[in-house]
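Chemist: With the sequence up front, the predicted model follows.
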Amino acid sequence: MSSPIENYAIIGNCATLALVGKDGSIDWLGLPRFDSAACFAALLGGPQFGRWLIAPTSAEPRVARRYRGDTLILETFFETKRGSARLIDFMSTHGTGMSVVRIVRGERGTLAMHTELIVRYGYGSIVPWVSRRDDGRLQLVAGPDRLLLDTGVPVRGENMRTVGEFEIGAGDEVSFTLTWTPSFHDVPALQPAGALLDEVHAFWSGWAEQAQVRGEWSDVILRSLITLKALSHSETGGIIAAGTTSLPELLGGSRNWDYRYCWLRDATFTLYALVESGFLGEAQAWRDWLLRAVAGNPQKIQPLYGVAGERWLHEFELAWLPGYEGAVPVRIGNAASNQLQLDVYGEVMDSLYAGRRAGLPPDPSSWGLERAIVQHLEEIWNKPDNGIWEIRGPPQHFTHSKVMVWVAFDRAIRSVEEFGHEGPVARWRALRDEIHAEICRRGFDPEQNSFVHSYGAKAPDASLLRIPLVGFLPPSDPRVIGTIAAVERHLMRDGLIRRYQTHIVDDGLPPGDGAFLACSFWLVDNYVLQGRHAEAKALFVKLLGLANDVGLLSEEYDTRAKRLIGNFPQAFSHLALINAAHNLSVEQGPAHKRSGADSPWKAGAKAHHHART
């Protein structure tokens, strides 16, 4: 059985990442190729599909761990009656190679240790050919991939594994460096582990020093920012949604998706999180990635792309992997890339508008592309779609999707009015008003005093919490207040918010999932906008308590099993955490800025008043 996801920390180098368990086992390691092949997949099927263990021989050592300062260097402390040692794990990049470095330092007495390395490329399906090089390094090759193991610990082959035993005394140090390069490249030179540690520490601590965060939640904001940085790609600027695939939304279920891609839906959340925290360089890199990804025919815009902007994300299943705690199927690729999701057009337009307001350097090609996007949206805005939750059932007229269509036209109009761009503003205004009126007529249920998840439905979904956050209606509007109450009534379990009621929404899948953490943070934002500060802080503190011991969150939380579920770590959850923390910490946080005091709220509220009277 796989170790619970909350037992894992991450290490990374802004090209790929690895998951390290409390027991000293690396059970997930992606290779730094854009096809995202993995060489360890123990999370999805057990140790036989690849892992790397370094741990005390004693069966039950006491274990504690932490990140070293404001870095992504992980320190795990093992202690037994005979002695104690520190395991230091990190990743580095040099040339075309990538290294996982593991240093064991003895601290007290003598500790018996062992190591086991099982490399399986291709998600556990390919056994490499192993040989010993003249320089002493072990070489593991299969097809395009090569790993080189450099260590002073004697290791040997046993049953298609590489194993070894050693003792570590107080003051002793041994290191293991596992370096990946393309198998057709020259073998890289040996790199001292200590020098790599100093280099990586300088990188992360130097990066963290740029943060402009303050207030009560500055530590948790910075840890989430470091996590977000780990999910970003240093060359492309893309930020993946999570580091894993097929970790289920329900334990033992089939809602298992590949999240190692970049979603347009994350764009505005990402931009605000980075800008509000002082990382304008990363915000610009993300904006530039976004422009490259959506460039071309607006009719071909996808909801998600590869980390370099790849569009072919064909979904298939790996039948040989039994999955995380038996959850199947294990999926690679994501068929949602082929769906029509109207809300992503609003996210793109909102993100580019927010970048202008933040003072990011202008891109000369941006406005022409935006005009083409809006022109295409004029033709398709009234179509049903698959929505923010990427349902695999029949398309519907989702209320949130239409709200984000309204956002797209609203931000296009603002870009003309505030930044001097050219466009058919009169036509856009008329269409914006038409869309607003339709949503208020067809997406709102007067009997419940609540917006509903789709036209004609009787229940809300959590995406409706974004209505005031994007400026569609003010937080004080009775319809917003009623919608928040309906979300709390229908979707709150144990104080946390689910996305929607899976047993009544035809999403093409078996019912059942956990509380969606980002949605719960959106409720915090709504409480802040409504002046319900005590409730906002209480919910925020509750959500922080769901993170694991090193501050990481997954996509969802199982309120019955009291466990993190879904892919891990989840950018959407950490983005929502960062923005909610800023909203709690400053008077005019991201929620105030995005909702916009200059939004045409009064016109919408006035029209609603006349309709009711």
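Modeler: Nice, thanks for sending it over. Residues are numbered from 1 along each chain as shown.
Chemist: contacts and neighbour counts: CA atoms only from here.
Modeler: Noted.
Chemist: Which elements pack onto the longest helix that the chain contains?
Modeler: As assigned by DSSP state H, the longest helix anywhere in the chain is helix 399-419. The contact analysis (3 or more Cα pairs under 8 Å, 6 or more residues apart in numbering; DSSP states H and E) places helix 399-419 against helix 343-357, helix 366-380, helix 425-442.
Chemist: What would it look like as CSV? C-alpha coordinates only.
Modeler: Included here for helix 399-419 are C-alpha records, laid out as CSV according to Å, rounded to 0.1, in the frame of the first residue of the first chain:
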residue,chain,number,x,y,z
THR,A,399,-23.5,30.1,-14.6
HIS,A,400,-19.9,30.6,-13.7
SER,A,401,-18.8,30.1,-17.3
LYS,A,402,-21.2,32.9,-18.4
VAL,A,403,-19.9,35.1,-15.6
MET,A,404,-16.3,34.7,-16.9
VAL,A,405,-17.5,35.5,-20.4
TRP,A,406,-18.8,38.7,-18.9
VAL,A,407,-15.4,39.2,-17.3
ALA,A,408,-13.7,38.9,-20.7
PHE,A,409,-15.8,41.7,-22.3
ASP,A,410,-15.5,43.8,-19.2
ARG,A,411,-11.7,43.6,-19.1
ALA,A,412,-11.5,44.3,-22.8
ILE,A,413,-13.6,47.5,-22.3
ARG,A,414,-11.4,48.5,-19.3
SER,A,415,-8.3,48.0,-21.4
VAL,A,416,-9.6,50.5,-23.9
GLU,A,417,-10.8,53.0,-21.4
GLU,A,418,-7.8,52.8,-19.0
PHE,A,419,-4.9,52.1,-21.3
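Chemist: buried stuff in that helix?
Modeler: Within helix 399-419, the residues scored as buried using 16 or more other Cα atoms under 10 Å are 399-415.
Chemist: same question, stretch 507-518
Modeler: Neighbour-count burial for stretch 507-518 flags 507, 511, 513-518 (criterion: 16+ other Cα under 10 Å).
Chemist: What are the contacting residues of that stretch?
Modeler: Residues outside stretch 507-518 that contact it (Cα atoms under 8 Å, 6 or more residues apart in numbering): 249-250, 254-255, 391-394, 493, 496-499, 502-503, 543, 555-559, 565, 572-574, 576-577.
Chemist: Quick one: buried ones out of the residues you listed?
Modeler: Among the contacts of stretch 507-518, those scoring as buried are 249-250, 254-255, 391, 496-499, 543, 555-558, 565, 572-574, 576-577 (criterion: 16+ other Cα under 10 Å).
Chemist: In strands, which of those residues appear?
Modeler: If you go by DSSP state E, the buried ones among the contacts of stretch 507-518 have 496-497, 556-558, 565 in strands.
Chemist: All the helices of the stretch 501-613 of the chain, in order from the start?
Modeler: With DSSP state H, counting those that start in this stretch as the criterion, the stretch 501-613 of the chain has helices at 517-529, 533-544, 571-585, 590-595, 601-612.
Chemist: Name the residues of the host helix or strand of residue 109 that are buried.
Modeler: For residue 109, the host element (DSSP states H and E) is strand 97-118. Going by neighbour count (16+ other Cα under 10 Å), the buried part of strand 97-118 is 97-118.
Chemist: One more: stretch 260-269?
Modeler: 260-269.
Chemist: which residues make contact with that stretch from outside it?
Modeler: Counting by Cα under 8 Å, 6+ apart, stretch 260-269 makes contact with 36, 238-245, 286, 290, 303-307, 343-344, 347-348, 350-351, 354, 388, 572, 575-576, 579, all of which sit outside it.
Chemist: pLDDT averaged over it - what is it?
Modeler: If you average the pLDDT over stretch 260-269, you get 94.
Chemist: end to end, how far does it reach?
Modeler: Across its full length, stretch 260-269 reaches 18 Å between end residues, using Cα to Cα, to the nearest Å.
Chemist: From the chain's centroid, how far away is that stretch?
Modeler: On the basis of Cα atoms, centre = their mean, to the nearest Å, stretch 260-269 sits 8 Å off its chain's mean C-alpha point.
Chemist: Next: stretch 509-524.
Modeler: Between the centre of stretch 509-524 and the centre of its chain there are 15 Å (Cα atoms, centre = their mean).
Chemist: Let the chain start at 22 from now.
Modeler: Taking 22 as the first residue, the last one we looked at is stretch 530-545.
Chemist: Restricting to C-alpha, output it in PDB.
Modeler: Taking Å, rounded to 0.1, in the frame of the first residue of the first chain, the C-alpha atoms of stretch 530-545 are listed here in PDB:
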ATOM      1  CA  LEU A 530     -18.500  10.100 -13.400                       C
ATOM      2  CA  PRO A 531     -19.400   8.100 -10.300                       C
ATOM      3  CA  PRO A 532     -20.400  10.400  -7.400                       C
ATOM      4  CA  GLY A 533     -18.100  11.300  -4.600                       C
ATOM      5  CA  ASP A 534     -15.200  13.600  -3.900                       C
ATOM      6  CA  GLY A 535     -13.700  15.500  -1.000                       C
ATOM      7  CA  ALA A 536     -13.700  19.100   0.100                       C
ATOM      8  CA  PHE A 537     -12.000  21.300  -2.600                       C
ATOM      9  CA  LEU A 538      -9.500  23.400  -0.700                       C
ATOM     10  CA  ALA A 539      -9.300  26.300  -3.100                       C
ATOM     11  CA  CYS A 540     -13.100  26.700  -2.800                       C
ATOM     12  CA  SER A 541     -12.800  27.000   0.900                       C
ATOM     13  CA  PHE A 542     -10.200  29.700   0.600                       C
ATOM     14  CA  TRP A 543     -12.600  31.500  -1.800                       C
ATOM     15  CA  LEU A 544     -15.100  31.500   1.000                       C
ATOM     16  CA  VAL A 545     -12.500  33.200   3.200                       C
END
